[in-house]
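>>> One predicted model, sequence on top.
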Amino acid sequence: MTRRRSILAVGALVLAPLVCARGGGAAAAQGKAAPAGGQATVSRAAFGQTADGTAVESFTLRNAHGIEVKAITLGAIITSVRVPDRAGRFDDIVLGYDDLAGYLRKPSYFGAVVGRYGNRIAKGRFTLDGKTYTLAINNGPNHLHGGVKGFDKVVWKGERASGAGAASVTFRYTSRDGEEGYPGTLEARVTYTLTDRDELSFEYAATTDKPTVVNLTQHSYFNLTGGRTDILGHQLTIDADRFTPVDATLIPTGQLAPVEGTPLDFRRATAIGARIGQDDAQLRNGGGYDHNFVINRRGEGLVHAARVVDPASGRTLDVQTTEPGVQFYTGNFLDGTITGKGGIVYKKRWALCLETQHFPDSPNQPTFPSTVLRPGSEYRSKTVLTFGVAR
Ligand code: GLA
């Protein structure tokens, strides 16, 4: 690992491959989530087939407090996250569909791992070592989220593991040289781990056989009310003094601008809806919040990036990451045309995303932290979500 990206002490959690889900072998074989009983468990089940007949599987992680996370091999998509409110009532706090057909029909990046490059690359072009690469233009004049068939739309291989107080699933995908225009065969993996400390971590790793660019992120859409109302009443804190201002096509100008005095100042907990309607050029460009924040950090490693609190349910979500940035997006493109799980209609601002990442368009921005990955180096990235309740 020669890159500037964080080297992670993965040894902190030793996960042994599972022969059968601990305490839940029979239940897992039948496809049921294993019962909570002081031990995190993981089970697997069939989740249908894609149009070309590829089987899709679902994995269920459950911890000692009954928190349950489900993820499928299509797009490494997190399909549900069930957590308690302050009265102990469990709700699903992420957007998605009841079945595979929904994810195939209108994916919208719900819950998916986005890659090979999360966020935008201007005009779908970048130059690396003197060679220019051309990518799909799939978002106005730009390239977005890895292209037409990005990592959110491919079937990964899933493998489960569990250890003391933690249950995991690892998804692996090999992206061929030239896929979606990117150079190099990329071996990518992501491990989702749910612990009995009510943390859900995402650990990414990738290697390549030719110089390339990589920027993986998790695109879950959160609604801490469990879908009762929009997210404008959620209180948000982002540990960022600066953000990367964008043009009208959401490409960074290259500046790192102070949030001070702007509606993007979330250094103190503020309702998401408090300033979203202000007449501000950046909010106009994003149609609301759709901006990358420069996380305050000194050196490498995990730092706290953001906190979301739903005052009504008391649910809280804390985000820590090794990444330099976080894209805060307020579901501005949701417009009521999608009906999701349980018949809930996803209207504008129905959810928020906190996509930990390198900055948008880094391949064309020499002053931004580099997203270049070279043979012999390993891409590593980690994000930890912590679920809680405020009394
Ligand atoms: C990211 C982008 C948004 C939008 C969503 C998905 O958050 O920044 O502009 O593309 O993904 O709709």
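Sure thing, it's come through. Numbers count the residues shown, from 1 in each chain.
>>> give me the residue from the stretch 1-150 of the chain nearest the ligand.
Closest residue of the stretch 1-150 of the chain to the ligand, CB to the nearest ligand atom: residue 109 (4.9 Å). (Glycine included, C-beta is placed from N, CA and C.)
>>> That residue: what's it in contact with?
145, 152, 219 (CB atoms under 8 Å, 6 or more residues apart in numbering).
>>> tell me the SS of it?
coil (DSSP: H, G, I helix; E, B strand; the rest coil).
>>> Show the pLDDT at it.
Model confidence at residue 109, given as pLDDT, is 98.
>>> What distance do you get for it to residue 200?
Note on residue 109: its distance to residue 200, by CB to CB, to the nearest Å, is 18 Å.
>>> now do residue 180
From residue 180 over to residue 200 the distance is 28 Å, taken as CB to CB.
>>> So for these two, which residue has more residues nearby?
Counted by other CB atoms under 10 Å, residue 180 and residue 200 do not tie: residue 200 has more neighbours, with 23 against 20.
>>> Doesn't that one belong to a helix?
No - if the criterion is three-state DSSP, then residue 200 is strand and not within a helix.
>>> Provide a list of residues in contact with it.
61, 69, 81, 192, 193, 194, 384, 385, 387.
>>> Just the pLDDT for the closest residue to it other than its chain neighbours.
Nearest residue to residue 200, sequence neighbours excluded (CB to CB, 6 or more residues apart in numbering): residue 385, at 4.6 Å. Residue 385 carries a pLDDT value of 99.
>>> From the chain's centroid, how far away is the helix or strand where residue 385 lies?
Using DSSP states H and E, the element containing residue 385 is strand 379-389. Centroid separation for strand 379-389 versus its chain: 10 Å, with CA atoms, centre = their mean, to the nearest Å.
>>> Could you do stretch 127-143 as well?
23 Å.
>>> what distance separates the start and the end of it?
End-to-end distance of stretch 127-143 (CA to CA, to the nearest Å): 14 Å.
>>> So what touches that stretch?
Contact with stretch 127-143 is made by 117, 120-126, 144-145, 147-148, 180-183, 211-213, 249-251, 363, 372, as judged by CB under 8 Å, 6+ apart.
>>> Out of those residues, which are close to the ligand?
Under the cut-off given by CB under 6 Å from any ligand atom, the ligand has 144, 250 from those close to it.
>>> Share the number of residues neighbouring residue 127, please.
Applying other CB under 10 Å, I find that residue 127 has 10 neighbouring residues.
>>> The one 3 residues further on now?
Residue 130 has 5 neighbouring residues, counting by other CB under 10 Å.
>>> Could you check the pLDDT of it?
98.
>>> Just the strands from the stretch 151-300 of the chain, written as ranges.
Assignment of strands within the stretch 151-300 of the chain using DSSP state E, counting those that start in this stretch yields the ranges 157-163, 166-175, 186-195, 199-208, 212-213, 217-219, 235-238, 242-244, 257-258, 270-271, 290-294.
>>> Next, format those strands as a markdown table and append mean pLDDT.
Shown next, in a markdown table, are these (pLDDT from 0 to 100):
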| stretch | mean pLDDT |
| --- | --- |
| strand 157-163 | 93 |
| strand 166-175 | 98 |
| strand 186-195 | 98 |
| strand 199-208 | 98 |
| strand 212-213 | 98 |
| strand 217-219 | 98 |
| strand 235-238 | 99 |
| strand 242-244 | 98 |
| strand 257-258 | 98 |
| strand 270-271 | 98 |
| strand 290-294 | 98 |
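>>> okay, these, which one's buried deepest?
Here the criterion is mean neighbour count by mean count of other CB atoms under 10 Å, and of the strands of the stretch 151-300 of the chain the winner is strand 217-219, at a mean of 27.
>>> ok, residues contacting that strand?
78, 109-115, 118-119, 145, 152, 190, 202, 323, 327, 353, 355-357, 383.
>>> now do 7 Å
109, 111, 112, 113, 114, 118, 202, 353, 355, 356, 357, 383 (CB atoms under 7 Å, 6 or more residues apart in numbering).
>>> and what of stretch 380-391?
Contacts to stretch 380-391, defined as CB under 7 Å, 6+ apart, come from residues 1, 5-8, 67, 83-86, 198-205, 216, 218, 302, 309, 314-323, 356.
>>> And these, which of them are buried?
Buried positions within those, assessed by neighbour count (16 or more other CB atoms under 10 Å), are 5-6, 8, 67, 83-85, 198-205, 216, 218, 302, 309, 314-323, 356.
>>> circling back to that earlier point, name the nearest of the contacts of residue 109 relative to residue 97.
Using CB to CB, residue 152 comes nearest to residue 97 of the contacts of residue 109, at 13.3 Å.
>>> who's in contact with residue 253?
Taking CB under 7 Å, 6+ apart as the test, what residue 253 contacts is 245, 246, 247.
>>> Just the buried ones among the residues you listed, please.
245, 246.
>>> Can you report how many residues neighbour residue 305?
Residue 305, neighbours per other CB under 10 Å, totals 27.
>>> What pLDDT does the model give it?
Looking at residue 305, the pLDDT reads 98.
>>> In its sheet, which strands sit next to the one helix or strand it maps to, and in what direction?
Taking DSSP H and E as the criterion, residue 305 maps to strand 303-309. If you go by DSSP bridges, strand 303-309 pairs up with strand 235-238 (antiparallel), strand 315-321 (antiparallel).
>>> quick one: contacts of the first one?
By CB under 7 Å, 6+ apart, the surrounding residues in contact with strand 235-238 are 266, 268-272, 293, 305-309, 311, 326, 328.
>>> 10 Å - rerun?
With CB atoms under 10 Å, 6 or more residues apart in numbering as the test, strand 235-238 has contacts from 224, 259, 264-272, 274, 289, 291, 293-296, 304-311, 316-319, 326, 328, 330, 352, 354, 390.
>>> how near is the spatially closest residue to residue 74 that is not a sequence neighbour to residue 147?
Computed as CB to CB, 6+ apart, the closest residue to residue 74 that is not its neighbour in sequence is residue 56, at 4.9 Å. Between residue 56 and residue 147 the computed distance is 21 Å (CB to CB).
>>> Great, nothing more from me.
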